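Enquirer: Output the structure for:
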Amino acid sequence: MTQPLRIAFLLFPNVTQLDLTGPAQVLSRLGNARLDFVWKTLDPVPTDAGFSILPTATFAEMPRADILCVPGGFGINAVIADDEAMAWVQAVGADATWVTSVCTGSLILGAAGLLDGYRAGCHWAQRDMLTLFNAIPVDARAVVDRNRVTGGGVTAGIDFALTLTAMIRGEAHARAVQLGLEYDPAPPFGSGSPAGAGPEIVAAYQRRVHALVPTRDDDLRALARRRGFPRDTQG
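Expert: Presented below is the predicted three-dimensional model:
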């Protein structure tokens, strides 16, 4: 049997847990694959949902992977400011067969220099921030550009993971995984996108986020400058 695919998820404090656990559930069914949740230590890592997840490997124990997956969440700015975490993302991403993300995790990939000139997805509320890192924002639940596969916000991680599964194992395998998970969404409301939610709900969401993290976007712009962006992509 060939060596199992090594799948490394970056796990960090204040991660949006569904960004991580949604695709992890799907990719765990690739077959002949091993998933690791990677952070600096093996201590429990708090998520945005009030519970913690145990890492399975440290950065030192996971120097490479076939698939790198970076989730998002309110903790992304702290990750981008963290030289050790970013060095690991850069190193693993430079060698991985597939470089992937969910939600605002694409901003971490971008800050690591892994999305220069690539089309990429992100949560709608920060999608335009991808331009800080020379990436091309795309409004889609799963975006494929060469070996970069990126998902939109949170629940789109399941769509992204099924897309990646089909690319690696074939559509029939991905369809069987989808059936096994009974992934047949029929939400009670049509407010899962800004267009469906309407301006009042979008504005209310933005006010809540601003109250929680009032300097989030300004801090991200400052971090982009610290990481050397904008960069001259013309050589």
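
Enquirer: What residue, apart from its backbone neighbours, is nearest Phe51 spatially?
Expert: Take Phe51 and drop its neighbours on the chain: the residue closest to it by Cβ to Cβ, 6 or more residues apart in numbering is Gln17, 7.5 Å away. Glycine gets a C-beta too; all of them are placed from N, C-alpha and C.

Enquirer: Just to check, the one you found is in contact with Val45?
Expert: No - contact criterion Cβ atoms under 8 Å: Gln17 and Val45 do not qualify, at 9.9 Å.

Enquirer: Could you tell me which residues touch both of those two?
Expert: Ile53 (Cβ atoms under 8 Å, 6 or more residues apart in numbering).

Enquirer: where do the helices sit along this structure?
Expert: Using DSSP state H, the helices of the chain run over residues 17-27, 76-80, 83-95, 105-111, 156-169, 171-180, 194-197, 199-212, 216-226.

Enquirer: May I see those organised as CSV, with distance to Gly50 and mean pLDDT added?
Expert: Shown next, in CSV, are the helices of the chain (distance: least, Cβ to Cβ, whole Å; pLDDT from 0 to 100):
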stretch, distance to Gly50, mean pLDDT
helix 17-27, 9, 98
helix 76-80, 18, 98
helix 83-95, 22, 98
helix 105-111, 20, 98
helix 156-169, 19, 98
helix 171-180, 28, 98
helix 194-197, 25, 97
helix 199-212, 14, 97
helix 216-226, 20, 97
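
Enquirer: Of these, flag the one that's most buried.
Expert: With neighbours taken as mean count of other Cβ atoms under 10 Å, the helices of the chain reach their highest mean count in helix 105-111, at a mean of 29.

Enquirer: Could you name the helices and strands sitting against that helix?
Expert: Secondary-structure packing of helix 105-111 (3 or more Cβ pairs under 8 Å, 6 or more residues apart in numbering; DSSP states H and E): strand 67-70, helix 76-80, helix 83-95, strand 98-101, strand 119-120, strand 148-151, helix 216-226.

Enquirer: Now distance to Gly180 too, for these, in TSV please.
Expert: Below are the helices and strands packed on helix 105-111 laid out as TSV (distance: least, Cβ to Cβ, whole Å):
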stretch	distance to Gly180
strand 67-70	20
helix 76-80	31
helix 83-95	29
strand 98-101	21
strand 119-120	29
strand 148-151	20
helix 216-226	37
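
Enquirer: contacting residues for Ala49?
Expert: Applying Cβ under 8 Å, 6+ apart, the residues contacting Ala49 are Thr16, Gln17, Leu18.
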